[in-house]
Structure formats: structure tokens, C-alpha cells
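*Asks:* what's the 3D shape of this:
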Amino acid sequence: MSLLDDVSIVVTPNGYKAGELYAVIPVPTYGAEEVSDGNFLLTGTQAQNTTGTYWTTGTGWTISGGNLIATSVTNQFVTQSFNFTSGKRYKASFTVTGTSSLPNNTSLRLPYDGVFENIAYVNKDSDGVYTHEFISDGSTNLYLGYGSFTGTIDNVSVKEYTSADMDVTRATAATRVDENGLVNYAEVIGGEEVPSIIGILNAGGGTITQISGNSYSSTSDGTSGSGIRPKFDFNITAGKRYKLTITPTGTISGTINFDFYDGSSYLFQNYDFTTTKEIYFIDNGSVFGAFDGAKTYDVSSFTVSVKEVTRDNVPRIDYTGGGCPHILAEPMRTNLIPYSEDFSQWSKLNGGTGVLPVLTSDDVISPDGTQNADKIVFNKGASSSNSDYSLIRLDYGGADIDGVSSIYLKSDIAVDIEISSDDINYTIINITTEWQRFTVSDATTDRLSMGLRGTDPSNDTATIYAWGAQLEEGSYATSYIPNFGTAAGVTRNQDIFTRDGIGSLINSTEGVLFVEIAALANDGTYREISLNDGTTNNVVEIRYTPLDNQFQFIMRNAGAADVAETITLSNALDFNKIAFSYKSNDYKMYVNGVPVATYTSGSMPSGLDTLSLDWGGNGTNPFFGKVKQLQVFKTALSPTQLAALTS
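*Replies:* Residues are numbered from 1 along each chain as shown. Below you'll find the model as predicted:
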């Protein structure tokens, strides 16, 4: 019998969307429709059938023609009686169409702890389908409405929803290492926003034509000053982030440059239009392109692609170190270096026989795959004193912190340089021809500097390439946080992973919690993964402890730790396969194929319905680390099975 015959939850680094990491098992399922007459096919103030009332409409709401229609509704509901099961997860949805004025504060609501919980808002400038998942508290009424609204609602649906997909919360962007080894943002790219040309701004001659879809052709009249400045209508939302891709598809005769302008500044200028150009921008409602009026050319065809980009709450599938990926969970950190990729903003220092560093911006391809890494040439002369130096440095401008600095560096030939976080204590590092990330920690740091000083580096000169500088408060370096000039720093919020309302997938009587995980650091804190009831009182948990490489298996029943076993891992920073098999008076613990402990007493808690990367589903002792596998079994496994699972 395969172990997969008994597994009820499998979470691995696979599919995701913003706010959700998909589980492999179980496949999401929906229960029966809970809404009666969700298509509003019956009419009247109270639409009824033989079993009773369906909808009760408040002032301003009417049911007609298969729709629920609102006419200048303010703070009025449409309601229907329900029989929700407390603790179960449901998915609600409804469709908004034909609005005569923009929707505003229209919501699908349910009573929740004595108040109305807004489980889906309509407050954007377009029609659409709006959905939300929620855990029922056993309420008996569905409320649709509230706020001010004029428009049409249809297809109201509420179904029980069974899935172990992890809810992901971070509310900021975050980077990861992708499958190609490049450092980039974890993001979700939306569908094509096909643009159209709605006007020509300050055109000096020539023509531009929309061929079809997002394909265009442009023609010069062959004279100087024949620039064309088409304004594109992308039908996009101001304030949102988009990815712009311009791809030449035809033959260019002569030379052609292209600029892209957002109404206040150039997103790029003098693009030579011979290769594909990609750029991210935040729409301000006034973007357009400009073909250079100083150039003459014949005909060029090209495509303009614009797609919405979502980065907040996107889970990170990380390939650091190569091989199989892992889920990355990190604490909140702020990059205090205000110019993390533009070293021309850093101070250049020299003393004695040393000369000022020479910098060339955007000289080579960086770890993010684009040509934006800077070249820096240091020369301290044939010196023998620490007063002879050639350095580059950036102070973040705040008080000293207990922090860690990091930076990506490479060179054409292997060279030694110094790197320092306080200009007093410095470390000599060897820069190779491959990109490496170097870190340095200090209890009183307020800056990052690097270069040559005295006789410590073996070489008098050094040419290096630099990218991705970071200074963060903490005991270890976390993933790179780009900062393009924000003096106060750019913050990446904590990753939070949890899934509640899945009691049917967790057997409180017996089962197994299995993980393949690695810690980010031995950082003196508890970091936990648990099955729980939404509290820290009834929990099956596995956790790193504040002591280096120490690990614990805990089972708590009504707050009492009936099982508490502590072991020492060979290395907590390596991936370890760990299984905790639980059953009243029968607890087995395995690590990397080897049994490490058994308990023959202890009563299991009831009501386990939440899987979370913390202690009790409430954010206590959050797990920070890497996860390759996370599985839950609904039956306790045999020693042979546990050995096979963790080998």
C-alpha cells in the first residue's frame, strides 16, 4: 500500500496565485449550492416556493428579469435564511453587471460574532465576479447589500469549499531566486490589456496605424522632425503596476528611437528599437510613447504588450542553491540602504597613496538578468598603511543598529577586497568571476563600505562588479529587498501561511504531521509548524527552539504538554525530514529515517481544524525557514512507513 493512500494533505512548492499556495492533495471540491434562486428567476418583494421564502428585499431593491436590481440603494439589504455549519469553510460569489453608476461599498455579508463581516466588496471601477472564502460561525442568514449602489447583481452562490490550499499574507512585494538562478520578484502576471491609440501628441510628421490587436506600424515622412507621439489607451487602473513589453516585428530601414513617458517623467528614453524592451511601471493615467523626431526611417511594425502585475501576497517558490525548490518564509525586514543598485550615489573615498574609485554604471548583467550592475575600479597604490585606501561607502543616515549587511559581487579575475559595516572592523573577502552574495554583521552598524586599504588585500588594484546592497536589522541576511532611493528604507513584510476550516482533513484522533524543512538561521527563537484548533491550547506541533540546532515535538491537550520531546539535529540549516505520528498513548517521532523518540502515554486534543506555519494559527512563534514538503495523514503510520517517509 502506498503512503499516498493515507495522506490527506500535501503541500509542496507548486502552483500559486496572489494570496494562495495550492495544495497538491486534496483536489478542491465544492458542496451543494446553499443559495436558493441565486439567479433571481422568481419575482416580487418576497420570492417564494413551497418550502418557504427565498429573498427578502429592502428598500430600493427589486427582482426582475432574472436579476437583482438596485436603484439608489443606501444601507439596505437583501437577505435569505441559511443553515450554515459552524467551523466549515464556504466560498461565496456574485456577479455585478450593467452598473449605471460605479459600485461603491456594495458587499456580500454574513453575521459574524454579532456584527456583519464584509466578505466581498465591490468598490472598483468595473463590473465583475467577486468571491470570498469564509469560515462559518453557524449564522443563519445571508446578507447582500449595504452602502450606496445603483446597478445589477446576479449569480449569487454560496457553497461549502474543501481545500488545503494555504492562505498567504504578506501585503508587500518580495524577491526570490527563480529556476534560472536569477533574483527577481515573486509575481503573478495578468492577461493582456490590448491598447489602442487614442491620439497623437505634438506629432511632427509620419503616421502610426493599429494593425490588429496590440500590433502597430509606424512610418516616417523621411524628414527631420518627423517624430510621432502616440498616446496609448491601455484601459488600465491608475495606481496599479503593469509590465510593458515592446517587441519589433518588422524590418526597420534607417534608425528609430522610442521613448515611453508617463505624463511626468520618462520610463525609458532613446530605446534603439532593435530588440525587445521590458519595463515595469505604475500607471498614473497618462502613459504614451514617442518616436524620436530627430530620426528618419521607413516602416516598422511592432507589438505593445501591457499586463497587470501582482506582487503583494504572492508566495515565493525559491531555488536558492539549485535543485528542487522550496517555499520561503521570512520575517519582516527593511533594507536601509537607499541606493541598493545605483553605486554612483555612494561616497567615493581615498587617502594616502590611494586614488578615488572609478565607477561605470550599468556595465554588466546582474543577478536579476538585466544589465544594471555597476563596475568599480579601486586603486590604493603600493601602500603599507591603513591610511592608504580607495573605498566606496554609503551611510544610511540613521542611528547605529544591530544588523547585517549583504551585497552581490563578482570580478573579471579573482581579487581580494575589504568589506565593512562600520569602517573599523572589516573583513577581507575573495571576489571570484561568479556572482556571490557576501554578508557582514556588526552590533553597531550604520553603513556599508568596500574597497582596498593598507596591506591586507593581496592586490593594490581591484576591478569588481556590484549589485544588490542591503543593510537590515537582524542577526542574519534575508532575501534581497530592492531600494531605489527611499531614504527611510523599503520594507518586506513577514510571510504568513495558514489554512483553517479543514477539520475534515485532519483527524484529531490519530495521524501524522510530516515536513521537510530547513531553518534560515540559529536565531535564538521558537519557529513552529502545527495542527491546531485556532489556539495554542490544543496543538500537535514541531518546532525549532532558541538553542542552536535544537528541535522539539510537542502535543498539547487543553494547554498541557502531554508530549514534549527535545532532540538535537546535526544541522538545522540543512533540510531535514521530520515526522510526528500521533495517537493517544502511541506517539512516534522520526528524523531522516531514524526513530528518535516514542511516548506511550498522552491523550489527544479534539477539534484540530487548522494547519499553520506558527504555534496555534494566531501568529505566535511564526515559522521562518524553507519548506520542501508538508504532509498530513489521517492515520498513524507504522515504524516501517515512518522510516520510509523520512528517508
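
*Asks:* for V35, helix, strand, or coil?
*Replies:* State at V35, reduced to three classes by DSSP: H, G, I helix; E, B strand; the rest coil: coil.

*Asks:* quick one, what contacts it?
*Replies:* Listed by Cβ atoms under 8 Å, 6 or more residues apart in numbering, the contact partners of V35 are Q80, L142, V156, S157, V158. For every residue, glycine as well, the C-beta is placed using N, CA and C.

*Asks:* Just put those in JSON lines and tack on pLDDT, neighbour count and secondary structure.
*Replies:* Putting these into JSON lines (pLDDT from 0 to 100; neighbours: other Cβ atoms under 10 Å; DSSP: H, G, I helix; E, B strand; the rest coil) gives the following:
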{"residue": "Q80", "pLDDT": "83", "neighbour count": "20", "secondary structure": "strand"}
{"residue": "L142", "pLDDT": "77", "neighbour count": "23", "secondary structure": "strand"}
{"residue": "V156", "pLDDT": "89", "neighbour count": "23", "secondary structure": "strand"}
{"residue": "S157", "pLDDT": "90", "neighbour count": "18", "secondary structure": "strand"}
{"residue": "V158", "pLDDT": "89", "neighbour count": "24", "secondary structure": "strand"}
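
*Asks:* farthest pair in those?
*Replies:* Farthest-apart pair in the contacts of V35 is Q80 and S157; separation 11.9 Å (Cβ to Cβ).

*Asks:* roughly how far apart are F514 and V591?
*Replies:* Distance check for F514 against V591: by Cβ to Cβ, to the nearest Å, it reads 11 Å.

*Asks:* of the two, who's got more company?
*Replies:* Neighbours of F514 and V591, each counted by other Cβ atoms under 10 Å, are more numerous for F514; the result is 25 against 18.

*Asks:* Okay, and the beta partners of that one?
*Replies:* Here F514 sits in beta bridges with A579, Q631, going by DSSP bridges.

*Asks:* That one and T646 touch, don't they?
*Replies:* Yes - F514 is within contact range of T646, at 7.2 Å (criterion: Cβ atoms under 8 Å).

*Asks:* can I assume F232 is in contact with P195?
*Replies:* Yes - with contacts defined as Cβ under 8 Å, F232 counts as touching P195 at a distance of 4.2 Å.

*Asks:* and for the two, which residues touch both?
*Replies:* The overlap between the contact sets of F232 and P195 (Cβ under 8 Å, 6+ apart) consists of V304, V306.

*Asks:* which residues are in contact with both of F514 and T646?
*Replies:* Residues within reach of F514 and of T646 at once, by Cβ under 8 Å, 6+ apart, are K577, I578, A579.

*Asks:* could these go into JSON lines alongside pLDDT?
*Replies:* Formatted as JSON lines, the entries for those read as follows, by pLDDT from 0 to 100:
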{"residue": "K577", "pLDDT": "98"}
{"residue": "I578", "pLDDT": "98"}
{"residue": "A579", "pLDDT": "98"}
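
*Asks:* Next, count neighbours for F575.
*Replies:* With neighbours defined by other Cβ under 10 Å, the count for F575 comes to 21.

*Asks:* Oh, that last question was meant for F268, not what I typed.
*Replies:* Taking other Cβ under 10 Å as the neighbour definition, F268 ends up with a count of 16.

*Asks:* how about the nearest residue to it, chain neighbours excluded?
*Replies:* Here the nearest residue to F268 in space, its sequence neighbours aside, is F260; by Cβ to Cβ, 6 or more residues apart in numbering that works out to 5.4 Å.

*Asks:* Beta-bridge partners for that neighbour, please?
*Replies:* F268, G289.

*Asks:* can I assume P595 sits in a helix?
*Replies:* No - counting by three-state DSSP, P595 is not found in a helix; it is strand.

*Asks:* looking at this, K375 is in a helix?
*Replies:* No - if the criterion is three-state DSSP, then K375 is strand and not within a helix.

*Asks:* All set now, cheers.
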